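Trainee: Task: produce atomic coordinates for the following.
(one chain, ligands or ions: 1)
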Amino acid sequence: MKTELPEALARAVQTRLAQADKESWARRLWEGDVTLWTNADEAKWIGWLPAAEGKQVDFAQIAALVEKAKGHKDAVLLGMGGSSLGPEVLALILGNQPGFPKLHVLDTTDPDQIAGVAKAIDPSEALFIVSSKSGSTMEPELLRAYFWELAGKDGNRFVAVTDPGSKLEAAAKADRYAFIFHGDPAIGGRYSVLSVFGMVPGAAMGLDIKALYDATASMVSACGADTAVKGNPGVHLGVIMGEAANAGRDKLTILPSKGLEPIGAWLEQLLAESTGKQGKGIVPVDLEPLGAVESYGTDRLFVHLHLEGDSDAELEARLKALAEAGQPVVHIPVAAKEDIGQEFVRWEVATAIAGAVIGINPFDQPDVEAAKVATRKLVDAYEQSGSAEPETPIVETEDFAIFAPQATALSPSDPKQLLDLHFASLQPGNYAGFLAYIERSAADEAVIATIRAQVRDAKQVATVAGFGPRFLHSTGQAYKGGPNSGVFLTITRDPDPDLAVPGHKASFGNVQIMQARGDADVLAERGRRVLRVHLKKGGGGIKALASAVEAALNS
Ligand SMILES: O=P(O)(O)OC[C@H]1O[C@](O)(CO)[C@@H](O)[C@@H]1O
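Mentor: Prediction:
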């Protein structure tokens, strides 16, 4: 790892590293010494450390799954957050091996996205992996109901990954699933990739799990209890992240080379859910288009993960210019994509250590629950009445309607003026968030990236984007519980066509809108600045919104 840090940050990092060395932080992490964090229940959550050595998986059971998976064309993973993001990284970075199924990851209630996967597979032959630690998360429950019907209720092609005693375990037994893999309750979702939650889908797509642990071992030992802090990559990175956040550089901007790009989604959850609470923490910035040096404020820490063999002259030149301009830049070389397990360990250790520097419990997620409760309330009301509570927009065009969840002072009847006022509240050190409850397609991602670049360049602020409901189980924690510096635009749309959920009145499209409304309500309750733009059926869609934002920024 190479670091280029401005002087004040470099000094703070050195001082903290000396403290970490003197106070044996690495050892105390491995021992789960709660005094390293907040004297809460942290000791109950460090099962991910032995899991990184392969101690949590039953290799014989994995071998049996490998035999079962061989020959299937597709495998579909149904899960959220820690139960989906790690598997997605493995699928996108390492890919399925010849003779093994392609892994499709579904962590959504978006009707188009679900229908897209249903269409891409043959439901009568695909393997389904239902993955949820708690076994009671709403999205995998609804997805399970949908694919169970579609797959002809054939338990022989279903696999459950869940903590012992969960509701999902009971359902899997009742429906005679082919396998039930047990997780370790001492591991939180976002730290679970090197336990069965990453390894079961990994094995199903033909990855050599033993080889993955072997390739990870050197990082486990480098981050070990007895390694001096100076040579401990996890502690070193964690101290940099924590000190940077404490100094106001809390927008950790992830700039990976092409081959490692998918890791950003996993990192976002790890960093945001672990540190974003009590008004403090790190706001990860992923997939933001590269900007000119002057478009970045003094609230950034840039981390470049570089896969050997990747070359991107523009990125390299920009990183050099950023460091020369006094921005902090950390370079992490990754020798081969098969070493991805090392990065999981480095960042998990770093995140736990950053939690110690920031002074929070890196293993809880107190604010995620609030959005879940708000959504449940709305969905339950829908199930009772068969309709959603009506709302009145502040302003409407033929393309979209804009709602404010809070009693708002913003009331212009012109959408351009309203959006202008909304973005005008962005101050240095703030960030703009785009929370899109629409299909996570390449086309939608591209339009949102354009909007982000425009806002970033116009206001010199960091921008983040999340697709709902996926981000609710990830960065949503920091947006609600972290620093109150986000200015959010929630984006919803009329589903077309919608998709029914077997056994429920509320469709996937209904649930997705309730999730957006519940989340926006909680954001507003927490004093966050938030507007919701609802894209109308038959209107210009997300592109019409992009034009309206552009017009507002230029007004
Ligand atoms: O694996 P589960 O229990 O379904 O949880 C999924 C995700 O939901 C969260 O609890 C947040 O809602 C994450 O921490 C977790 O990874």
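Trainee: what about the nearest residue to T227 once chain neighbours are set aside, distance to E294?
Mentor: Once flanking residues are discounted, T227 sits nearest to A26: 6.2 Å by Cβ to Cβ, 6 or more residues apart in numbering. For every residue, glycine as well, the C-beta is placed using N, CA and C. Distance of A26 to E294, given as Cβ to Cβ, to the nearest Å: 39 Å.
Trainee: now W266
Mentor: W266 is 31 Å from E294, by Cβ to Cβ.
Trainee: Could you check which of these two has the larger neighbour count?
Mentor: Taking other Cβ atoms under 10 Å, W266 and E294 do not tie; W266 has more neighbours (28 against 9).
Trainee: Quick one: name whatever helix or strand follows the host helix or strand of the more buried one.
Mentor: In this assignment (DSSP states H and E), W266 forms part of helix 263-275. Going down the chain from helix 263-275, the next helix or strand is strand 283-285, by DSSP H and E.
Trainee: Quick check: neighbours of that next one in the sheet, parallel or antiparallel?
Mentor: strand 251-254 (parallel) (DSSP bridges).
Trainee: And the partner strand, how far out from the chain middle?
Mentor: Its chain's C-alpha centre and that of strand 251-254 lie 13 Å apart, by Cα atoms, centre = their mean, to the nearest Å.
Trainee: how about the residue sitting furthest away from the middle of the chain, secondary structure?
Mentor: In the chain, counting by Cα atoms, centre = their mean, S413 sits farthest out from the average C-alpha position, at 35.5 Å. Of the three states, S413 takes coil according to DSSP: H, G, I helix; E, B strand; the rest coil.
Trainee: Which residues are in contact with it?
Mentor: V395 (Cβ atoms under 8 Å, 6 or more residues apart in numbering).
Trainee: any idea how far L553 is from it?
Mentor: For S413 relative to L553 (Cβ to Cβ), the value is 20 Å.
Trainee: Please apply the same query to I129.
Mentor: 43 Å.
Trainee: all strands of the stretch 451-555 of the chain, in order?
Mentor: 462-467, 486-493, 529-535 (DSSP state E, counting those that start in this stretch).
Trainee: what's the answer for the stretch 151-300 of the chain, then?
Mentor: 158-162, 179-182, 251-254, 283-285, 300-307.
Trainee: and the second one, anywhere near the ligand?
Mentor: What that stands for is strand 179-182. No: on the criterion Cβ under 6 Å from any ligand atom, strand 179-182 is out of touch with the ligand, staying 12.7 Å away.
Trainee: Compute the number of surrounding residues for E324.
Mentor: 11.
Trainee: same question, P6
Mentor: 17.
Trainee: what sits against it?
Mentor: Contacts of P6 by Cβ under 8 Å, 6+ apart are G326, Q327, P328.
Trainee: ok, it to P333 distance?
Mentor: For P6 relative to P333 (Cβ to Cβ), the value is 22 Å.
Trainee: swap in N430?
Mentor: 33 Å.
Trainee: Looking at the two, which is more packed in?
Mentor: N430 (21 against 12).
Trainee: Give me the local confidence score for the residue nearest to that one when sequence neighbours are not counted.
Mentor: Once flanking residues are discounted, N430 sits nearest to S485: 4.6 Å by Cβ to Cβ, 6+ apart. S485 carries a pLDDT value of 98.
Trainee: chain center to the helix or strand of the chain with the lowest mean pLDDT: distance?
Mentor: Lowest by mean pLDDT, DSSP states H and E among the helices and strands of the chain is helix 368-385, with a mean of 85. In terms of Cα atoms, centre = their mean, the centre of helix 368-385 is found 22 Å from the chain centre.
Trainee: Kindly report the same for stretch 258-270.
Mentor: On Cα atoms, centre = their mean, the centre of stretch 258-270 falls 8 Å from the chain's centre.
Trainee: pLDDT (mean, whole number) over that stretch?
Mentor: The model assigns stretch 258-270 a mean pLDDT of 98.
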